[in-house]
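Novice: Quick one, what's the 3D model for this:
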Amino acid sequence: MPKLAIIGAGSVVFAQRLTTDVLSWPELQDSTIALMDLNPERLELIGALAHRLVREQHLPARIETTTDRRAALAGADYVIVTIQVGGVAAVRPDVEIPHRYGVDQAVGDTLGPGGVIRGVRTIPVILDICRDMAELCPHALLINYSNPMSMICWAVAAATPIQAIGLCHSVQGTSRQLANYIDVPYDNVAYWVAGINHQAWFLQFEDHGVNLYPRLQSAMRNPEIYAKDPVRFELMRHFGFFPTESTRHNSEYVPYFRRTRELAERYAPPWGRDYDVYIARQERYYDTVRRQIAGDEAIPTDRTHEYCSYIVHSMETNTPLRINANVPNAGLMTNLPEGCCVEVPCLVDNTGIHPCHVGDLPPQCATLNRANIGVQQLAVEAVLNSDREAIYRAVALDPLTASVLPLDETRKMTDDLLAASSPWLPPGLR
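Specialist: The predicted structure follows:
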């Protein structure tokens with residue numbers, strides 16, 4: 001049975017979810033799961049939780065914990081990456097520095113100044129993982145969950161021979177939200193979604209062949225429903241299709257919703273992000289895990305809708321599956337740049353991942369995607385070519401940043417971001 005290596009298992013709640021998902025399949029319950037993280041305390045926490053789950057469920061699975069990445073990768077069949085380079089100390093400036101300049105990112109992990117700098121920090125580490133994989137498990141599938149998803153997957157495809165996909169939960173999560181907005185049983189809906197990560201489009205959304213967009217447009221006129229998703233409903237109203245990822249995330253990928261405090265508070269509050277609140281929430285997660293380890297609280301074992309375990313199950317058992325994944329654009333989306341990272345439907349079986357041809361996106365959707373893709377391309381080129389100037393250009397071309405700052409202020413902001421991230425940057429980009 002397979003060996004799965006989870007790199008970045010110190011992301012305890014997510015690693016718990018992946019572990020319980022994999023072990024929920026009877027056919028995968030004698031897998032080896034190697035949990036790896038550089039933080040020994042976090043690693044001990046997730047290791048204890050995984051061992052307790054195996055004991056309670058009387059499973060034959062083997063759990064390994066290590067701070068040695070190469071030990072985790074050796075002989076792996078699947079490598080799941082959930083890293084955050086530098087932790088909160090690194091990502092806090094990604095948001096707080098741009099905010100001081102008036103660029104209010106909602107999250108700052110995908111695009112914008114924060115997404116670019118995060119990509120420049122993260123891509124070199126992912127490429128190091130790929131180099132180790134080429135030596136220790138060359139045929140393994142790399143499943144990336146780390147952000148910025150598109151930049152990472154683009155760099156891996158451009159610079160390594162490793163087979164890789166990127167996974168997100170926004171497609172399946174949004175499809176459930178849409179069914180709820182129009183009160184249609186989720187099992188009835190069918191959809192065809194394509195674009196880029198966090199900005200893919202529901203090109204079709206149907207109930208037994210009946211187009212559900214008219215019902216979505218009607219639901220949008222209900223103030224209570226509109227208030228749940230104002231940015232995405234506005235994008236649908238003006239561009240015709242509903243995007244993936246949340247209202248708050250989507251507000252930072254375009255120039256329409258966060259240019260001023262008034263706009264942000266109107267469409268996707270709050271203005272600014274308090275990382276102390278984020279840290280407190282994380283600590284509550286860890287407290288819950290500690291109670292689960294102590295036996296004071298049950299460990300959740302219901303399978304989530306994350307794609308990862310479904311993919312492993314499909315490839316190991318030859319059970320056909322369709323998912324949405326992030327892959328290189330090899331003629332899949334004909335009005336997006338060749339070689340960029342796209343999120344498209346994919347078929348899965350024991351022969352691997354098979355991306356589906358989509359063709360042209362609606363031109364307005366493709367244009368919004370291309371504005372993001374240009375930023376991603378320059379960030380990837382910055383890392384692969386050690387080109388610091390490409391970082392400035394990537395940030396300057398970000399749609400939200402360009403709507404707020406002149407070019408000289410954008411450069412100063414980028415210098416501040418690079419200085420804050422210098423401990424985690426490769427030498428050529430410090």
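Novice: contact partners of stretch 235-245?
Specialist: Contact partners of stretch 235-245, identified using CB atoms under 8 Å, 6 or more residues apart in numbering, comprise 168, 170-171, 174, 178, 193, 195, 198-203, 205, 216-217, 220, 232-233, 250, 254, 343, 362, 364-365, 368. The way it works is simple: take the backbone N, C-alpha and C, and place the C-beta from them, glycine included.
Novice: quick one, strands of the stretch 101-250 of the chain?
Specialist: Chain-ordered strands for the stretch 101-250 of the chain, with DSSP state E, counting those that start in this stretch as the definition, fall at 141-144, 164-166, 189-196, 199-207, 210-211.
Novice: Residue 260: which of the ones you listed is closest?
Specialist: Each of the strands of the stretch 101-250 of the chain was scored for nearness to residue 260 using CB to CB, and the closest is strand 199-207 (21.9 Å).
Novice: name the helices or strands packed onto the closest one?
Specialist: With contacts defined as 3 or more CB pairs under 8 Å, 6 or more residues apart in numbering; DSSP states H and E, the secondary structure elements packing on strand 199-207 are helix 170-181, strand 189-196, helix 363-384.
Novice: Now find how far off-centre it is within its chain.
Specialist: How far strand 199-207 lies from its chain's middle: 19 Å, per CA atoms, centre = their mean, to the nearest Å.
Novice: For it, buried residues please.
Specialist: The neighbour-count check on strand 199-207 (16 or more other CB atoms under 10 Å) flags 199, 200, 201, 202, 203, 205, 206 as buried.
Novice: neighbouring contacts of the helix or strand hosting residue 53?
Specialist: Element membership of residue 53, judged by DSSP states H and E, is helix 40-57. When contacts are taken as CB under 8 Å, 6+ apart, the neighbours of helix 40-57 outside the stretch itself are 9-12, 15-16, 19-20, 23, 33, 35-37, 59, 61, 63, 65-67, 286, 289-290, 292-293, 295, 299, 301.
Novice: Pull out the buried members of those.
Specialist: Among these, the ones that count as buried by 16+ other CB under 10 Å are 9-12, 15-16, 19-20, 23, 33, 35-37, 59, 61, 63, 65-66, 289, 292-293, 299.
Novice: Narrow the residues you listed to those in strands?
Specialist: Under the assignment DSSP state E, the buried ones among the contacts of helix 40-57 contribute 33, 35, 36, 63, 65, 66 to strands.
Novice: for those, which one is nearest residue 356?
Specialist: Ranking those by separation from residue 356, with CB to CB as the measure, puts residue 33 on top at 30.1 Å.
Novice: correct me, but the closest one touches residue 59?
Specialist: No - with contact defined as CB atoms under 8 Å, residue 33 does not reach residue 59; the gap is 10.5 Å.
Novice: Common neighbours of these two, please.
Specialist: The overlap between the contact sets of residue 33 and residue 59 (CB under 8 Å, 6+ apart) consists of residue 23.
Novice: can you count the residues close to the residue lying closest to residue 150 once chain neighbours are set aside?
Specialist: Nearest residue to residue 150 in three dimensions, chain neighbours excluded: residue 341, at 4.1 Å (CB to CB, 6 or more residues apart in numbering). Other residues within reach of residue 341 by the criterion other CB atoms under 10 Å amount to 28.
Novice: Kindly report the same for residue 195.
Specialist: A count of nearby residues for residue 195, using other CB under 10 Å, gives 27.
Novice: residue contacts, it?
Specialist: Neighbouring residues of residue 195 by CB under 8 Å, 6+ apart: 201, 243, 244, 333, 342, 343, 361, 365, 369.
Novice: Out of those, the closest to residue 118 would be?
Specialist: Within the set of these, residue 343 lies nearest residue 118; the separation is 18.5 Å, counting by CB to CB.
Novice: got the angle between the helix or strand the closest one falls within and strand 199-207?
Specialist: Take DSSP H and E as the rule and residue 343 turns out to sit in strand 341-349. Computed with axes from the mean of the first three to the mean of the last three CA atoms, to 10 degrees, the direction of strand 341-349 lies at 50 degrees from that of strand 199-207.
Novice: Residues contacting the helix or strand bottoming out on mean pLDDT in the chain, please?
Specialist: Considering only helices and strands, the least confidently modelled element of the chain by mean pLDDT, DSSP states H and E is helix 275-294, at a mean of 86. Contacts of helix 275-294 from elsewhere in the structure, counted by CB under 8 Å, 6+ apart, are 12-13, 16, 45-46, 48-49, 52, 88, 91-92, 95-96, 297-299.
Novice: most neighbours, which of these?
Specialist: When neighbours are counted by other CB under 10 Å, residue 46 leads the contacts of helix 275-294 with 26 neighbours.
Novice: low-confidence ranges in this structure?
Specialist: Applying pLDDT under 70 to the predicted model, the chain contains no residue that meets it.
Novice: which helix of it spans the most residues?
Specialist: Criterion DSSP state H: the longest helix present in the chain is helix 112-136.
Novice: how far out from the middle of the chain is it?
Specialist: Using CA atoms, centre = their mean, the distance from the centre of helix 112-136 to the centre of the chain it belongs to is 14 Å.
Novice: ok, now stretch 145-165?
Specialist: Here the centre of mass of C-alpha atoms in stretch 145-165, compared against the chain's by CA atoms, centre = their mean, lies 12 Å away.
Novice: swap in stretch 82-102?
Specialist: Between the centre of stretch 82-102 and the centre of its host chain there is 16 Å, according to CA atoms, centre = their mean.
Novice: and what of stretch 328-339?
Specialist: Its chain's C-alpha centre and that of stretch 328-339 lie 20 Å apart, by CA atoms, centre = their mean.
Novice: same check, this time on stretch 110-129
Specialist: The chain centroid and the centroid of stretch 110-129 are separated by 12 Å under CA atoms, centre = their mean.
Novice: What of stretch 413-426?
Specialist: From the chain centre to the centre of stretch 413-426 is a distance of 22 Å (CA atoms, centre = their mean).
Novice: List the buried residues in stretch 257-273.
Specialist: Going by neighbour count (16+ other CB under 10 Å), the buried part of stretch 257-273 is 257, 258, 259, 263, 264, 267, 268, 273.
Novice: tally of neighbours for the closest residue in space to the third one that isn't next to it in sequence?
Specialist: Looking back up the chat, that one is residue 259. For residue 259, ignoring the flanking residues on the chain, the nearest one in space by CB to CB, 6+ apart is residue 403 at 5.0 Å. For residue 403, the count of nearby residues is 14 (other CB under 10 Å).
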